[in-house]
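Asker: Pasting the sequence and the predicted model now:
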Amino acid sequence: MVDYIIIGGGISGLSAALHLNRGGKRVLILEATSRIGGRMKTDMVDGFRLDRGFQVYLDAYPEGKQVLDYKALKLKKFTSGAKLFLPDGTIDVFVDPLKHPKYLFSSLGSRVGDLSDKLNLYALSRRLAKSRNRSIFKKENRTTLEVLKEYGFSDDMVNYFLQPFYAGIFLESNLRTSRRMFDFVLKMFKKGSGTIPAMGMEEIPKQIASQLPEGSIKTQVKCVSIDGLTANTKDGTQYKAREGVIIATENPTFLGKSGKLPDKLPAASTTCLYFSSERAPYKEGLIGLFSHEDRIVNNMAVMTNVSKDYAPSGQSLFSLSLRSQNMEKDKIIEAVKQDISPWIPASVTNEWKFIKSYDIEHALPNQAKVSYDLDIKTAKLADGLYVCGDYMLQGSINGALRSGRQLAEHLLTAH
Ligand SMILES: Cc1cc2nc3c(=O)[nH]c(=O)nc-3n(C[C@H](O)[C@H](O)[C@H](O)COP(=O)(O)OP(=O)(O)OC[C@H]3O[C@@H](n4cnc5c(N)ncnc54)[C@H](O)[C@@H]3O)c2cc1C
């Protein structure tokens, strides 16, 4: 019999399992789908690596540093900044010239944001880089949009850079996400870079899983109920634990609603389309941002500009992340091409080959309120029954890893 059963093989469950195992406990992860990784999966389609929704790993994340071997992951960095597809049909760049001096003149000359915006952003990110994460997460949970105005950024800077950039991270356009996340993410970008593992985001959960003893993970095992220290699965099998059962699923309402858990629904959703072409839409390792009103596409990323391994040789792979999910499937490709046609004309998009799209209903928990530390009283549902997951702290890889680690550390001291 194992000491702990963990239901859900996303990175929060993997993190809990790893830290419990490092503390000498025997663990068993029960994962409903055919492989671990949860929301961090990479599908191979005709030689292309498609992350299930565009996402990046920030290499300054403090939790990742404790469990990941960056060298083995072969992390590839995005250039810090963005390529701006502006509403007037022009294209500009906004890049951190301190990290990428070759962009000094183009960035200073960027029409988005005046000099005071650029100095303001620089001073703010430096200040945040020096502040402790715990202090950032003690600030009042106000909306990011409110705070951007208070920070004194101009409307152009907000509308053409900060809003689409953070909408792409928070997966919501109104920037209702807590300002704690804005500050934390800006700090992470200042201290490091947005990256992807050379072979896809799924390499991250795979690397954590590889540190667990053989036999610690069972896939295609869907848990349907829990009685005390026994997890009952869909096929009728029962798994028993000696010390505890941890629910590490994406949805806090799993197994019936518990009034104790933070209500993080409705979750943020997104749609991500992948295309390939022999000619990349642009050459830089920059995230592309669209900012015209009523846009369909919020951001694009040419994955092969950052990691060549994402596509067969001679091909470029790029993703377009949409603001809305409510699009008719047969019209979506044409609508998307039409939406970006002022900058990328039909003569170019006609060469694009559509590969696949992902609709992700539950991409991130609602982040109007986020926290830094796991409240163990909330995470303990009953004697021997616990929860962890990104929704307990913040919707990020760091938040998910941290919730699993903090729960494990509590259990290790309690038992
Ligand atoms: C499109 C997208 C973009 C993102 N962008 C970023 C980004 O740029 N940077 C960043 O830091 N974070 C990003 N995130 C967030 C990050 O991926 C998540 O916060 C993190 O992966 C959540 O991990 P988790 O373990 O909490 O949940 P999950 O990964 O959802 O894991 C839950 C697991 O539980 C399993 N499960 C559910 N029910 C059962 C059951 N009954 N029995 C057994 N197993 C079950 C599921 O199959 C799943 O594997 C993004 C997420 C998405 C989807």
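Answerer: Good, I have the coordinates. Please read these numbers as outputs of a predicted model, since none were measured by experiment.

Asker: ok, which residues in the stretch 301-415 of the chain are in contact with the ligand?
Answerer: For the stretch 301-415 of the chain, the residues found near the ligand under the criterion Cβ under 6 Å from any ligand atom are 360, 363-364, 389-390, 395-398, 400. For glycine as for every other residue, the C-beta is placed from the backbone atoms N, C-alpha and C.

Asker: can you check the stretch 51-200 of the chain too?
Answerer: If contacts are counted using Cβ under 6 Å from any ligand atom, the residues of the stretch 51-200 of the chain sitting beside the ligand are 53, 55-56, 169.

Asker: switch the cut-off to 5 Å
Answerer: Proximity of the stretch 51-200 of the chain to the ligand, by Cβ under 5 Å from any ligand atom, involves residues 53, 55-56.

Asker: between the residues you listed, which is nearest residue 337?
Answerer: Comparing those against residue 337 with Cβ to Cβ places residue 53 closest, at 20.2 Å.

Asker: Could you report the neighbour count for the closest one?
Answerer: Using other Cβ atoms under 10 Å as the criterion, residue 53 is surrounded by 21 other residues.

Asker: check contacts around it.
Answerer: Neighbouring residues of residue 53 by Cβ atoms under 8 Å, 6 or more residues apart in numbering: 39, 270, 272, 321, 358, 360, 363.

Asker: Quick check: the two most widely separated of the residues you listed?
Answerer: Looking at the contacts of residue 53 by Cβ to Cβ, the two members farthest from one another are 39 and 321, with 14.3 Å of separation.

Asker: more crowded one of the two?
Answerer: Between residue 39 and residue 321, residue 321 has the larger neighbour count (other Cβ under 10 Å), namely 24 against 21.

Asker: if I read this right, that one contacts residue 268, doesn't it?
Answerer: No - taking contact to mean Cβ atoms under 8 Å, the distance of 11.7 Å between residue 321 and residue 268 leaves them out of contact.

Asker: top strand in this protein by residue count?
Answerer: Using DSSP state E to define each element, the chain has its longest strand at strand 353-364.

Asker: all helices for the stretch 201-350 of the chain, in order.
Answerer: In the stretch 201-350 of the chain, the helices defined using DSSP state H, counting those that start in this stretch lie at 203-209, 303-306, 332-339, 346-349.

Asker: got TSV for these, with mean pLDDT and mean neighbour count too?
Answerer: As requested, those are exported to TSV (pLDDT from 0 to 100; neighbours: other Cβ atoms under 10 Å):
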stretch	mean pLDDT	mean neighbour count
helix 203-209	98	21
helix 303-306	98	23
helix 332-339	95	16
helix 346-349	96	13
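
Asker: And the residue of the stretch 101-250 of the chain that's closest to the ligand?
Answerer: The stretch 101-250 of the chain approaches the ligand most closely through residue 250 (3.2 Å), counting by Cβ to the nearest ligand atom.

Asker: now, the most widely separated pair of the residues of the stretch 301-415 of the chain next to the ligand?
Answerer: 360 and 398 (19.2 Å).

Asker: What are the structural domain limits within the chain?
Answerer: Taking automatic domain parsing as the criterion, the chain consists of the domains 2-40+202-262+369-414, 57-197+268-364.

Asker: quick one, which of those domains is packed in tightest?
Answerer: Taking mean count of other Cβ atoms under 10 Å as the contact definition, the stretch among the domains of the chain with the greatest mean neighbour count is domain 2-40+202-262+369-414, which reaches a mean of 20.

Asker: on that earlier part again, spit out the contact partners of the residue of the stretch 101-250 of the chain closest to the ligand.
Answerer: Under the criterion of Cβ under 8 Å, 6+ apart, the neighbours of residue 250 are 8, 10, 38-39, 362, 389-391.

Asker: 6 Å - rerun?
Answerer: Residues touching residue 250, when contacts are defined by Cβ atoms under 6 Å, 6 or more residues apart in numbering, comprise residue 362.

Asker: any idea how far it lies from residue 8?
Answerer: Distance from residue 250 to residue 8, counting by Cβ to Cβ, to the nearest Å: 7 Å.

Asker: Need the residues touching each of those two.
Answerer: In the contact map built from Cβ under 6 Å, 6+ apart, no residue is linked to both residue 250 and residue 8.

Asker: I'd say residue 56 and residue 193 touch.
Answerer: No - counting by Cβ atoms under 6 Å, residue 193 is not a contact partner of residue 56; they are 8.7 Å apart.

Asker: any weak-confidence spans in this structure?
Answerer: By pLDDT under 70, the low-scoring segments of the chain are 252-259, 324-326.

Asker: hmm, try it at 90
Answerer: Confidence mapping of the chain against pLDDT under 90 gives the ranges 96-115, 149, 251-266, 323-331, 414-415.

Asker: Setting aside sequence neighbours, what's the nearest residue to residue 387?
Answerer: Once its chain neighbours are removed from consideration, residue 387 has its nearest residue in residue 247; the separation is 4.7 Å (Cβ to Cβ, 6 or more residues apart in numbering).
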